[in-house]
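**Student:** A predicted structure for the sequence below; I have some questions about it.
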Amino acid sequence: MEAYKHFQLAAYVHSYYVEKASEEQIQKAIDYYQHYVHLGKVYIENHRGLVDVPVEKLRRVKALFEKNGIQTAGGITATVLVNGERKPSYYDTFCYTDEAHRERFVAIVRDIASVFDEIILDDFFFTSCTCEKCIEAKGKQSWKEYRLNLMEDFARVITQEARKVNPKMNFIIKYPNWYESYQECGYNPGKQKDIFDMVYTGTETRDPQYSDQHLQRYLSYSMIRLMENIAPGRNGGGWIDPFGSFHNMNYYLEQANLTMLAKAKELMLFNFEVMENTALLPALGHELSRMDAMVGQLGKPVGVSAWEPFDGDGEDQLYNYLGMGGIAIEPTPYFDEQAPMVLLTESSACDETAVEKLERYLLRGGNAFITTGFFRQCYNKGVKELTSVRLTDRHVLAEEYMVNHYNYRDVTTFCKGNEKVLFDILSYKTNATSSNINIIAGEHTFPLMTEDSYGKGRLFILNMPDNFADFYRLPKEVRKGIAKYVSMGQRVYIAGEGKHSLLAYDDGKYAIQSYNPTASVVDVIVRGECKGLRNLETGAVYTERIALPKPSHMMDATTVIDEPQEYCYPVTVGAGSLTFLEVLA
């Protein structure tokens, strides 16, 4: 097959396979791959757990792949048993406090650096060890502080050792999909991005329901964007696997598609042996050809600037739930003061300067969405001075809602969900704050989304359901009301029943990924005049549209906040499918 024009396909060849496979078996697997996909590169592992592949065999396997025109690099998985002693750590990761473990890791690095000019670390380069040596060395530090410093230090050790053996070394650290837990296990991208030559991104999402990680499938897109913003130009690619997807092939293909649509340079398949023995590779080959044709037509990904500081913690995966609910997200470790809208979650509150940055941004005319998690964490750190909203420590279970934005008169929508949802009860002062979307519970209403003016800017508070997954249960009109404002600065936003993602690009092109089991109609709302929407693959043009209400004076007010005319285009999206659209100027 011809090489892909806009990305490269790679596979990880783990040491269990390298140890046992003959050259004939490996060649047979290569032939199988080449029938369905263009495999451009492999990462050949020399160590995992109890397996160490001899340097001589590594060289032979390397030569075999290169004979078939496939680039090669090395790989290491940092799990081990040293001197027969089990350490109290998950997956038996190395203990980086123990000198015997450190020496063992350095020896593994030296071996593989003698064979390859590039090495990638599989996502076990972390520690959760609580042995006596670690407890003593930690002292009065938190585990977070101790492990971040420990892993920063050892990252410097192994990169230096690799370059002593091979000065041409390109050393890559792969970060896992569980970004919300990095700091507790020593993953330190804020420092390690400048120690390693490149980063790589875990975009495995698997089954979001029957899994303890609750990874939302949008993560396959958002993680690439986060890592690209952490290390611009040095994010090597996205890494997927089929585990948790065997019962639903679409889960697997979504991982690949979303990774590529996030503009990853390379797609890594874990692992070489597993993929040879499934029906997934033929289907993946079809999708990769399709993605290669589409990716080249799409500009730079854009979305609301979601601030995820280094070592942040709180409201785990929240922006991926929003992304599954149709909101285009662009996560970044930095507060973007030039963005038209910023999204701050509880994780953002881990930055001690968060409220100061937020207030300065609002004063200059910025627009910000903050979640109840951020509001709670910063409640006594100054955020209360930006709004009349207050926490009550009470909760409400409801299924009815009222949408009535501050900038509109007599445009009120009442809607009802299919199930009751649990929310925080927030209070606010009438005419000091506007409650744009309300929860209705008996003869009482409570804020779901509020709006405040502050300086030249606007502050919105989003009352997320206690269970983030209940965001999908909210009626379409409620989520449309949220998307309208969280998408400020973007040309298009969407709303639909169930789960959809909007992937937005700066050239007026878009992709809508449906996760629903049946076809559904998605409202695509365009800000400003246009001639319609065109399907990039079929050429079909959508011209039927509904002009949405314009801003209007509120009662005795003398002004309205200027907003462009909005037009709604109903677009039918197939079950579990991708639809590519462009706005026709």
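**Tutor:** Nice, thanks for sending it over. Numbering: from 1, shown residues only.

**Student:** Surely residue 479 is in contact with residue 325?
**Tutor:** Yes. Applying C-beta atoms under 8 Å as the test, residue 479 and residue 325 come out as touching, 5.7 Å apart. Where C-beta positions appear, they are placed from N, C-alpha and C, glycine not excepted.

**Student:** where do the contact lists of those two overlap?
**Tutor:** residue 471 (C-beta atoms under 8 Å, 6 or more residues apart in numbering).

**Student:** for the spatially most central residue of the chain, what are its contacts?
**Tutor:** By C-alpha atoms, centre = their mean, the mean C-alpha position of the chain lies nearest to residue 222, the distance being 2.7 Å. Applying C-beta under 8 Å, 6+ apart to residue 222 gives the contacts 262, 319-320, 323, 329, 331.

**Student:** Widest-spaced pair of these?
**Tutor:** Longest distance between any two of the contacts of residue 222 is 14.0 Å, between 262 and 319; criterion C-beta to C-beta.

**Student:** Comparing those two, which shows the higher neighbour count?
**Tutor:** More crowded of residue 262 and residue 319, by other C-beta atoms under 10 Å: residue 319, with 27 against 23.

**Student:** Chain neighbours aside, what residue packs nearest to the more buried one?
**Tutor:** Excluding its sequence neighbours, the residue lying closest to residue 319 (C-beta to C-beta, 6 or more residues apart in numbering) is residue 306, at 4.6 Å.

**Student:** And the one you found, which helix or strand is it part of?
**Tutor:** strand 304-307 (DSSP states H and E).

**Student:** Need the three-state assignment for the spatially closest residue to residue 496 that is not a sequence neighbour.
**Tutor:** Distances taken as C-beta to C-beta, 6+ apart place residue 522 nearest to residue 496, at 3.8 Å, with adjacent residues excluded. Using DSSP: H, G, I helix; E, B strand; the rest coil, the structure places residue 522 in strand.

**Student:** ditto for the one 4 residues further on
**Tutor:** Reducing the assignment to helix, strand or coil with three-state DSSP, the entry for residue 526 is strand.

**Student:** isn't it right up against residue 546?
**Tutor:** No. If you go by C-beta under 8 Å, residue 526 and residue 546 don't touch, sitting 11.0 Å apart.

**Student:** what touches both of the two?
**Tutor:** By C-beta under 8 Å, 6+ apart, the residues touching both residue 526 and residue 546 are residue 567.

**Student:** the more surrounded of these two?
**Tutor:** Using other C-beta under 10 Å, the more surrounded residue of residue 526 and residue 546 is residue 526, with 22 against 11.

**Student:** List the residues that contact the more buried one.
**Tutor:** The contact partners of residue 526, taken as C-beta under 8 Å, 6+ apart, are 491-492, 533, 566-567, 569, 583.

**Student:** Now do the strands in the stretch 151-300 of the chain.
**Tutor:** 170-175, 198-202, 235-240, 266-270 (DSSP state E, counting those that start in this stretch).

**Student:** Provide the backbone phi and psi angles at residue 231.
**Tutor:** Dihedral pair for residue 231: phi -130, psi 80, per degrees, to the nearest 10.

**Student:** Just give me the neighbour total for residue 254.
**Tutor:** Residue 254: 25 neighbours (other C-beta under 10 Å).

**Student:** I should have written residue 529 there, sorry.
**Tutor:** By other C-beta under 10 Å, 9 other residues sit near residue 529.

**Student:** For the top helix by length along the chain, list the C-alpha coordinates in CSV.
**Tutor:** The helix that spans the most residues within the chain, counting by DSSP state H, is helix 143-165. Coordinates of each C-alpha in helix 143-165 appear next as CSV, following Å, rounded to 0.1, in the frame of the first residue of the first chain:
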residue,chain,number,x,y,z
TRP,A,143,3.5,11.8,47.9
LYS,A,144,2.8,14.2,45.1
GLU,A,145,5.8,16.4,45.9
TYR,A,146,8.1,13.5,46.5
ARG,A,147,7.2,11.6,43.3
LEU,A,148,7.2,14.6,41.0
ASN,A,149,10.8,15.5,42.1
LEU,A,150,11.9,11.9,42.1
MET,A,151,10.7,11.2,38.5
GLU,A,152,12.1,14.5,37.3
ASP,A,153,15.5,13.6,38.6
PHE,A,154,15.5,10.0,37.2
ALA,A,155,14.3,11.3,33.8
ARG,A,156,17.5,13.3,33.7
VAL,A,157,19.5,10.3,34.6
ILE,A,158,18.2,7.9,31.9
THR,A,159,18.3,10.5,29.1
GLN,A,160,21.9,11.3,29.9
GLU,A,161,22.9,7.7,30.1
ALA,A,162,21.2,7.0,26.7
ARG,A,163,23.1,9.8,25.1
LYS,A,164,26.4,8.6,26.5
VAL,A,165,25.9,5.3,24.7
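
**Student:** I would like the residues contacting it, please.
**Tutor:** Helix 143-165 has contacts (C-beta under 8 Å, 6+ apart) with 96-97, 102, 105-106, 109-110, 113-114, 119, 125-127, 134, 137-139, 141, 169, 171, 173, 183-188, 191-192, 195-197, 311.
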